[in-house]
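Asker: Quick one, fold the following:
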Amino acid sequence: MMPLVPRPVPLLAAARYLPPLLGLAVAGGSIGLVVAGTGPVTTYAGVSTPMATVALAPGLALVAVGAAAAWYRPTAWLGPLAVLLGLVWLAPLWVGWQGQTPPRSLLAPPGAGPDLVRTLAMVVAPLLYPLLAQLVLGLPAGRLGGRRRLVLAAGYAAAAALGIGHALFYAPVLDPYCWNNCSANSFLVLPDPELARRIGMAGRYAAAAAGLSIGGAAAWRLARAADSRPWAAGPAGGGGAAERGPRGPPGGRSALWYVLGPAAIAAVSAAAYPVALIREPVEDPARPVFAALFVVRATALALLAAGLAGAVLRHHRQRFAVARLADDLGSAPPLGSLRAALAQALGDNRVEVAYWLPDARRYVDAAGRPVDPVPGQGRAVTAIHRGGQPVAAVVHDRALYDADLLAREIGSAARLAIDNERLRAALFARLDDLRASRARVVVAGDEARRRLERDLHDGAQQRLLAVSFELRLARAAAAAEGDEQLATTLAVAVVEIQAALAELREIAHGIFPAILDEAGLGPALCGLADGAPVPLQVDAVPDARLPAAVERAAYVAVAEAVDAAGERGSPLRVRVEHGRGLLVMEVLGVAAGRYDHVADRVGALGGRVTVDRRRMRVEIPCD
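Answerer: As a prediction, the model looks like this:
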């Protein structure tokens with residue numbers, strides 16, 4: 001029986017399109033207010049036609065960009081945010097809604113606007129700062145960490161508290177400095193001019209602090225966007241530092257600049273606006289100070305809308321380019337083509353790809369060199385999984401692409417390229433391990449022969465030479481005294497000592513028991529069991545003779561396990577199987593520890609050794 005899968009509710013799926021539609025409606029109404037408004041100047045748009053254009057352009061642009069972003073799923077988070085930012089910018093037009101009688105346009109009703117609409121616009125005006133902060137902190141994917149989320153929630157709460165508190169106690173008719181709304185306040189509960197004045201002053205100081213903080217956060221994010229390190233160097237002994245990719249322009253920094261730069265300017269200019277109000281309590285749009293700050297802030301928000309539009313288009317273009325990777329790479333992509341294709345698709349020349357090797361449990365690059373993909377300054381690491389298991393990791397510019405979306409796109413579009421390059425990377429890594437293992441075996445053999453030669457020369461050989469010298473002296477003395485029988489006996493002893501010296505010189509070539517070379521692995525293991533300090537049970541060994549190197553490696557593995565067990569170790573059991581060109585040996589009950597010598601010998605033959613839970617498994621190819 002197939003499990004029931006809940007289908008998405010169409011109404012809930014369409015709910016995310018409501019803010020853009022509402023924003024477009026409000027934006028159209030704002031145009032009507034500007035076109036139809038006459039009488040006293042209650043907004044900056046009423047100063048002149050150019051100023052009206054300046055007042056409308058940022059809000060309309062932000063609403064339009066937000067509406068476009070909401071229809072594109074990867075940037076859907078940006079849609080409501082941009083729309084709300086545009087509506088908050090247009091809110092002062094609704095606060096100063098005066099209209100005219102009769103109207104010259106059907107877009108605006110006659111007379112002043114409804115008190116409720118004007119009051120709501122007055123309450124939402126302080127939300128400009130937390131909306132800007134969320135935009136600055138949430139790029140590029142809209143996700144916020146725990147600490148940022150708390151700071152942003154505190155900002156929204158403070159803005160809401162100031163707006164609501166001002167509405168509850170602010171009586172416009174009692175304000176000697178009112179200019180855009182001197183009558184409407186539908187939320188007034190208790191007229192208290194002094195309390196309203198203090199709330200207004202607190203709001204101005206908070207706005208100044210918030211604007212400077214947002215500007216600083218934008219600058220900090222821009223500073224962190226550039227990094228010249230694609231990933232950390234490989235681990236020690238793994239071939240040194242990983243090669244860096246081609247260095248190009250800091251794409252993430254330039255991409256963020258078009259959004260964070262205007263956001264910082266808008267925030268700082270908004271912070272300067274309360275300072276100007278502190279110096280001149282009466283706000284007059286005709287005064288150069290207020291007009292200049294308004295124009296700077298409007299221009300910055302218009303540029304911010306343009307930057308967001310560019311980000312949406314760039315994101316769409318990048319997603320399309322990543323989705324075409326499968327076609328661009330072809331059925332047999334050459335080495336390194338995935339990295340090159342991703343660099344072109346993402347616009348990041350420093351992108352790097354690392355491949356996960358499950359057997360070695362490490363990442364390697366396309367050439368098989370060990371690497372450690374870690375996120376650097378301005379860099380992000382996207383892990384590519386399949387079936388819950390890691391297959392690759394992409395180090396890319398954090399500002400250029402959402403990590404989760406990139407993981408989904410690469411996982412489906414470049415599956416063939418990932419598999420091909422990972423197999424080749426695994427092969428190169430295996431070859432490197434094999435070369436290193438063989439080199440260690442050669443070094444270990446050379447060191448053992450040198451040590452054996454030194455021990456023979458300084459120990460037994462010197463003693464035998466000393467004895468041989470004494471015997472020669474004795475033979476000469478016996479010959480001088482005419483004792484031919486004793487001289488002959490001493491001469492034979494000298495010959496035997498010379499033979500012993502010759503055998504010692506050849507001992508390095510016979511360190512394995514003779515039975516191993518003469519009878520094979522089975523009898524050699526049985527002989528090892530007879531003299532082992534711990535019980536050693538040999539369950540099964542193939543009767544057929546195997547290559548000498550394979551038999552020696554298997555024998556050394558069991559001997560190392562016996563030595564590691566010691567006199568008080570647990571019993572050992574050995575089972576050896578041979579089939580399909582592979583020798584598989586399991587030793588149960590082995591002691592925990594490192595078996596580097598065994599790994600070196602087996603690795604030199606192209607095999608591998610795994611030790612897990614008191615079980616050693618040795619696999620050696622043998623044709």
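
Asker: Put the alpha carbons of stretch 185-199 into CSV.
Answerer: Below are the C-alpha coordinates for stretch 185-199, written out as CSV (Å, rounded to 0.1, in the frame of the first residue of the first chain):
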residue,chain,number,x,y,z
ASN,A,185,-4.6,59.4,14.8
SER,A,186,-7.1,56.6,15.0
PHE,A,187,-5.2,54.8,17.8
LEU,A,188,-5.0,57.7,20.2
VAL,A,189,-5.9,56.5,23.7
LEU,A,190,-4.5,59.1,26.1
PRO,A,191,-3.2,62.5,24.8
ASP,A,192,0.1,63.1,26.5
PRO,A,193,2.3,65.6,24.7
GLU,A,194,5.3,65.2,27.1
LEU,A,195,5.3,61.4,26.9
ALA,A,196,4.8,61.5,23.1
ARG,A,197,7.8,63.9,22.9
ARG,A,198,10.0,61.6,24.9
ILE,A,199,9.0,58.6,22.8
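
Asker: who's in contact with it?
Answerer: 115-116, 119, 122-123, 162, 164-172, 174-175 (C-beta atoms under 8 Å, 6 or more residues apart in numbering). For every residue, glycine as well, the C-beta is placed using N, CA and C.

Asker: Please list only the buried members of those.
Answerer: Buried positions within these, assessed by neighbour count (16 or more other C-beta atoms under 10 Å), are D115, T119, M122, V123, L162, G165, H166, A167, L168, F169, Y170, P172.

Asker: Who are the packing partners of the helix or strand harbouring the fourth one?
Answerer: The secondary structure element spanning V123 is helix 115-124 (assigned by DSSP states H and E). Under the contact criterion of 3 or more C-beta pairs under 8 Å, 6 or more residues apart in numbering; DSSP states H and E, the helices and strands touching helix 115-124 comprise helix 78-95, helix 146-169.

Asker: rewinding a little: columns distance to A218 on top of the buried ones among the contacts of stretch 185-199, output as JSON lines?
Answerer: Shown next, in JSON lines, are these (distance: C-beta to C-beta, whole Å):
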{"residue": "D115", "distance to A218": "37"}
{"residue": "T119", "distance to A218": "32"}
{"residue": "M122", "distance to A218": "27"}
{"residue": "V123", "distance to A218": "26"}
{"residue": "L162", "distance to A218": "23"}
{"residue": "G165", "distance to A218": "29"}
{"residue": "H166", "distance to A218": "27"}
{"residue": "A167", "distance to A218": "30"}
{"residue": "L168", "distance to A218": "33"}
{"residue": "F169", "distance to A218": "34"}
{"residue": "Y170", "distance to A218": "32"}
{"residue": "P172", "distance to A218": "35"}
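
Asker: Give me the lowest-pLDDT entry from these.
Answerer: Of all the buried ones among the contacts of stretch 185-199, D115 carries the smallest pLDDT score, 82.

Asker: Excluding chain neighbours, give the residue nearest to that one in space.
Answerer: A184 (3.9 Å; C-beta to C-beta, 6 or more residues apart in numbering).

Asker: Helices of the stretch 151-300 of the chain, residue ranges please.
Answerer: Listed in chain order, the helices of the stretch 151-300 of the chain (DSSP state H, counting those that start in this stretch) span 193-224, 251-279, 288-323.

Asker: Name the stretch among these that sits most buried.
Answerer: Highest mean neighbour count among the helices of the stretch 151-300 of the chain (mean count of other C-beta atoms under 10 Å): helix 251-279, with a mean of 21.

Asker: Quick one: mean pLDDT over that one.
Answerer: The predicted model gives helix 251-279 an average pLDDT of 79.

Asker: pretty sure P281 is touching Y177, no?
Answerer: Yes: counting by C-beta atoms under 8 Å, a contact exists between P281 and Y177, whose distance comes to 4.9 Å.

Asker: Straight-line length of stretch 575-590, end to end?
Answerer: Terminal residues of stretch 575-590 lie 13 Å apart, using C-alpha to C-alpha, to the nearest Å.

Asker: Could you do stretch 95-114 as well?
Answerer: With C-alpha to C-alpha as the measure, stretch 95-114 spans 10 Å from end to end.

Asker: Could you do stretch 29-43 as well?
Answerer: Across its full length, stretch 29-43 reaches 15 Å between end residues, using C-alpha to C-alpha.

Asker: Equivalent analysis for stretch 370-389, please.
Answerer: Rule used - C-alpha to C-alpha; the end-to-end distance of stretch 370-389 is 19 Å.

Asker: What residues sit buried inside that stretch?
Answerer: By neighbour count on 16+ other C-beta under 10 Å, the buried set for stretch 370-389 is P370, V371, P373, P375, G376, G378, R379, A380, V381, T382, I384.

Asker: so where's the stretch 201-350 of the chain uncertain?
Answerer: Confidence mapping of the stretch 201-350 of the chain against pLDDT under 70 gives the ranges 224-255, 318-337, 345-347.

Asker: Provide the secondary structure category for the spatially most central residue of the chain.
Answerer: In the chain, the C-alpha nearest the mean C-alpha coordinate belongs to V381, at 1.9 Å (C-alpha atoms, centre = their mean). In terms of secondary structure, V381 is strand; the call rests on DSSP: H, G, I helix; E, B strand; the rest coil.

Asker: Any idea what it is bridged to?
Answerer: V395 (DSSP bridges).

Asker: Show the contacting residues for it.
Answerer: Each residue near V381 by C-beta under 8 Å, 6+ apart is listed here: P373, V374, P375, A393, V394, V395, A403.

Asker: please redo it, this time with the cut-off set to 7 Å
Answerer: Contacts here follow C-beta atoms under 7 Å, 6 or more residues apart in numbering; on that basis V381 touches P373, V374, P375, A393, V395.

Asker: hmm, back to that, pLDDT at the residue nearest to D115, what is it?
Answerer: 76.

Asker: quick revisit: P20: which of the helices of the stretch 151-300 of the chain is closest?
Answerer: Across these, P20 has its closest neighbour in helix 288-323 (12.8 Å, C-beta to C-beta).

Asker: quick check, V353 in a helix?
Answerer: No: using three-state DSSP, the secondary structure at V353 is strand, not a helix.

Asker: got the contact list for it?
Answerer: Applying C-beta under 7 Å, 6+ apart, the residues near V353 are L338, R339, L342, A366, A392, V394.

Asker: out of these, which are inside strands?
Answerer: The members of those that map onto strands under DSSP state E are A392, V394.

Asker: will you turn the contacts of V353 into JSON lines that also has distance to L84 and neighbour count?
Answerer: Formatted as JSON lines, those follow (distance: C-beta to C-beta, whole Å; neighbours: other C-beta atoms under 10 Å):
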{"residue": "L338", "distance to L84": "40", "neighbour count": "26"}
{"residue": "R339", "distance to L84": "40", "neighbour count": "20"}
{"residue": "L342", "distance to L84": "34", "neighbour count": "23"}
{"residue": "A366", "distance to L84": "45", "neighbour count": "20"}
{"residue": "A392", "distance to L84": "38", "neighbour count": "26"}
{"residue": "V394", "distance to L84": "33", "neighbour count": "26"}
